[in-house]
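# Structure for the following, please:
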Amino acid sequence: MAAAAVLSMIAAGCGAGSRNQVEGANVPLFANPPPAPFGPSTGQNGPAPSVNPVAPATNAPSANEGTAAPHGSHYNEGVQDAQSGRIDAAIDEFRQAIAQDPRDLQAHHNLAVMLERKGDYDGAIAQFREVIRLDPKLEIAHLMLADALAKKGDADGAASEYQAALKLAPNDAHANNNFGLLLRSQGDLDAAIQHYRRALATQPNSYPARLNLGSALFAKHDLQDAQEQLKQAISLKPDAPTAHDLLAHVLFEMKDPAGALDEWKRAAHLDGYNADTLVGISIAHWELGQKTQAVNSYRSAVLLEHGYVCDNLKEQGHWKATALEVVSQVKQAAGPEVCGGQQPAEEGKAEPKEAEPEDNQPKNSAPKDNQSKDNQPQDSGH
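I've put the predicted structure just below:
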């Protein structure tokens, strides 16, 4: 997987199965959204960072570094604006707080968080660097700087900051998961797997780390372990289509087309029909001897994304050689006119459907795909 592709995944933060975030049917995910800003002043040393329940543990600011005095009104107004979602107003208030006290570590941190949420990664990076200058041992600042650098596309800088964060907090699940994602983008699957396992040792109920581990194991063709990890991921988040889609690929490689068909249908039920899911459904039907259904699903996939299905499947890492060989058989059975070079006029607007079983097949040999459009994509990230 190219580093740029993974960095774009980090920038997205979460996903519901888009193939733009897939390799080995993989959608690596951030472990957590960014921690919330520091809260209002306590009038003493200032509060420790306020974080999500599953966010990394953090150290309080060093007493001999950033500001230890009570915050002024601009800081507290900024916190209120941030908590109410008024990002621009919060940015303005935190800037004014910093103008009054340039060493206010918490104001710098909060300003960085708000700038990142606005998409100003350069500004956020500068503020996180200032936080680290004020307190080099604040692990969360290294971690959030690493995330921001990754989103900006600076893989080397991100790796350095993840390492700094892990030196301060070796068991931090967020840092281990996201550093594992970065390592995988650089082709180091073994190191990525090691960091995903470390994340899970600290937070065994982390869906992103469990999913990412399953994906990495699938990429190494460790199918049995990948299957186990993905089943656990699904138990943690049953409505996440990505895990069902990836498990379908694993089961297909394990020569279990019936199990794969069930999982692809579940993914389609949760995330709506897309070209990838329909192609998966088609090859599962083919291996089960349900030729008409296989061809029909393949034709529906072509109507949705002609060029991708007909020409570019082989470029996607989650489509293994075994599956691609079956795809070629279905494509041949569908006839040369299906991928005959000219894209259908209504591409992207086809209603996916399956034919009734062939006459020589038992009725109800496989359940019909759910064709409801009511199910919206599930957020598989946070």
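
# Quick one: low-confidence residue ranges for this structure.
1-71, 341-382 (pLDDT under 70).

# If we use 50, what do you get?
1-36, 39-69, 342-382 (pLDDT under 50).

# any idea where the strands of it begin and end?
Taking DSSP state E, the chain contains no strands at all.

# ok, and for stretch 235-255, which residues are buried?
236-237, 239-253 (16 or more other Cβ atoms under 10 Å). C-beta here means a position set from N, CA and C on the backbone, and glycine is covered the same way.

# That should have said stretch 108-123, apologies.
108-117, 120-121, 123.

# Ok, stretch 289-309 next?
Applying 16+ other Cβ under 10 Å to stretch 289-309 flags 290-306, 308-309 as buried.

# ok, now stretch 98-109?
Here stretch 98-109 shows Ile98, Asp101, Asp104, Leu105, Gln106, Ala107, His108, His109 as buried, counting by 16+ other Cβ under 10 Å.

# Who are the contact partners of Ala164?
His142, Ala146 (Cβ atoms under 8 Å, 6 or more residues apart in numbering).

# now with 10 Å?
Applying Cβ atoms under 10 Å, 6 or more residues apart in numbering, we find Ala164 in contact with Ile132, Pro136, Lys137, Glu139, Ala141, His142, Leu143, Leu145, Ala146, Ala175.

# ok, Gly317 touching Ala219?
Yes: between Gly317 and Ala219 there is a contact at 7.3 Å, judged by Cβ atoms under 10 Å.

# Between these two, which is the more surrounded one?
Counted by other Cβ atoms under 10 Å, Gly317 and Ala219 do not tie: Ala219 has more neighbours, with 21 against 17.

# Distance-wise, check that one relative to Asp276.
Applying Cβ to Cβ, to the nearest Å, the value for Ala219 to Asp276 is 17 Å.

# my guess is Gly123 contacts Arg117, does it?
No: applying Cβ under 10 Å, one finds Gly123 not in contact with Arg117, separated by 11.1 Å.

# What separation do you get for Gly340 and Ala301?
Taken as Cβ to Cβ, the span from Gly340 to Ala301 is 15 Å.

# Next: Glu337.
Glu337 sits 15 Å away from Ala301, taking Cβ to Cβ as the criterion.

# now do Ile193
Ile193 is 32 Å from Ala301, by Cβ to Cβ.

# got it, and Arg210?
Counting by Cβ to Cβ, the gap from Arg210 to Ala301 is 29 Å.

# what does Tyr207 give?
Counting by Cβ to Cβ, the gap from Tyr207 to Ala301 is 28 Å.

# How about Glu228?
Counting by Cβ to Cβ - Glu228 and Ala301 are separated by 30 Å.

# Am I right that Ser84 is in contact with Ala90?
Yes: between Ser84 and Ala90 there is a contact under Cβ under 10 Å: 8.5 Å.

# of those two, who's got more company?
Ala90 (26 against 10).

# Was I right to think the more buried one contacts Arg117?
Yes: counting by Cβ under 10 Å, Ala90 touches Arg117, with 9.2 Å between them.

# Please give me every residue in contact with the closest residue to Val279 other than its chain neighbours.
Distances taken as Cβ to Cβ, 6 or more residues apart in numbering place Ala301 nearest to Val279, at 4.8 Å, with adjacent residues excluded. Counting by Cβ under 10 Å, 6+ apart, Ala301 makes contact with 273-282, 308-310, 313, 327, 330, 334, 338, 350, 352.

# In helices only, show me the residues you listed.
Ala275, Asp276, Thr277, Leu278, Val279, Gly280, Ile281, Ser282, Val327, Val330, Ala334 (DSSP state H).

# in the stretch 251-382 of the chain, which spans are helices?
Assigned by DSSP state H, counting those that start in this stretch, the stretch 251-382 of the chain shows helices spanning 257-271, 275-287, 291-304, 306-307, 321-334.

# Can you give the distance from stretch 201-217 to the centre of its chain?
12 Å (Cα atoms, centre = their mean, to the nearest Å).

# Need the CA coordinates for that stretch. PDB is fine.
Below are the C-alpha coordinates for stretch 201-217, written out as PDB (Å, rounded to 0.1, in the frame of the first residue of the first chain):
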ATOM      1  CA  ALA A 201      -3.000  -5.800  24.700                       C
ATOM      2  CA  THR A 202      -4.000  -2.500  26.300                       C
ATOM      3  CA  GLN A 203      -7.500  -2.200  24.700                       C
ATOM      4  CA  PRO A 204      -8.700  -5.600  23.700                       C
ATOM      5  CA  ASN A 205     -12.100  -4.100  22.700                       C
ATOM      6  CA  SER A 206     -10.600  -1.700  20.200                       C
ATOM      7  CA  TYR A 207     -12.500  -2.300  16.900                       C
ATOM      8  CA  PRO A 208     -10.000  -0.300  14.700                       C
ATOM      9  CA  ALA A 209      -7.000  -2.200  16.000                       C
ATOM     10  CA  ARG A 210      -8.800  -5.600  15.700                       C
ATOM     11  CA  LEU A 211      -9.900  -4.800  12.200                       C
ATOM     12  CA  ASN A 212      -6.400  -3.500  11.200                       C
ATOM     13  CA  LEU A 213      -4.800  -6.700  12.600                       C
ATOM     14  CA  GLY A 214      -7.200  -8.900  10.700                       C
ATOM     15  CA  SER A 215      -6.500  -7.000   7.500                       C
ATOM     16  CA  ALA A 216      -2.700  -7.200   8.000                       C
ATOM     17  CA  LEU A 217      -2.900 -10.900   8.700                       C
END
